[in-house]
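>>> structure for this input, please:
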Amino acid sequence: MLAWGTLGLLLGAWVGALARLWMRLIVVYPETFTWAGTLAIIISAAIGGLGLGLVRGARLTGRSKVWRLAAFLALPFLGAPMGLGLFLLSALLGGWALARRRPIWLAPTLATLWFAALPFIAYAVGDPDHHNLYDGVHYLSISVGLWTLAALLAVGGRELFVRWPTRQP
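Purely as a prediction, here's the structure:
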């Protein structure tokens, strides 16, 4: 379990660093970024990764399903105010689709629709004063970044929906 938790912590920190780097690349005025904000994102992502790593470790070692509650450690990274819950929904819908739960067609359909809508949602909730500062390439980089982060979060979110092995008495 300790190994899975450590791996989750490191992967979470990596995802947080990628997220912050991507934010830095797409922002119009990067002067507003602070080290405190950067550390908050990386640390909250690392804690979320720790929680998902513990869930995976508990599932693979046959521990109690109560360990799924460790996934709540991911909420600070996935929840508001970061992206109005876009990342939380990406983790949940994508994770559900990757876990291949029944009905087998519903989750992939919803996840595909959600991932296709992400760039349009980002444009809609973006700062209207900056819309004229972006060109097509900029919106493409925003879309690719959103899809990449959403896919990484879906892989982590999968641990919430994968079937737990039945315990032998």
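>>> which strand or helix spans the most centrally placed residue in the chain?
The chain has L153 as the residue nearest its centroid, 2.9 Å off, counting by C-alpha atoms, centre = their mean. Taking DSSP states H and E as the definition, L153 sits inside helix 136-161.
>>> now L10: which helix or strand?
In the assignment (DSSP H and E), L10 maps to helix 2-26.
>>> any residues touching that helix, and which ones?
Helix 2-26 has contacts (C-beta atoms under 8 Å, 6 or more residues apart in numbering) with 30, 33, 38, 41-54, 56-57, 60, 77, 138, 141-142, 145, 148-149, 152-153, 156. (C-beta placed from N, C-alpha, C; glycine too.)
>>> contacting residues around the nearest residue to F72 once chain neighbours are set aside?
In space, and not counting its chain neighbours, F72 is closest to G51: 6.6 Å by C-beta to C-beta, 6 or more residues apart in numbering. For G51, the contact set (C-beta under 8 Å, 6+ apart) comprises 8, 70-74.
>>> could you flag which of the residues you listed are buried?
8, 70-71, 73-74 (16 or more other C-beta atoms under 10 Å).
>>> compute the inter-axis angle for the host helix or strand of L54 and helix 2-26.
Under the criterion of DSSP H and E, L54 resides in helix 35-60. Helix 35-60 runs at 140 degrees relative to helix 2-26, counting by axes from the mean of the first three to the mean of the last three C-alpha atoms, to 10 degrees.
>>> fine by me, thanks again.
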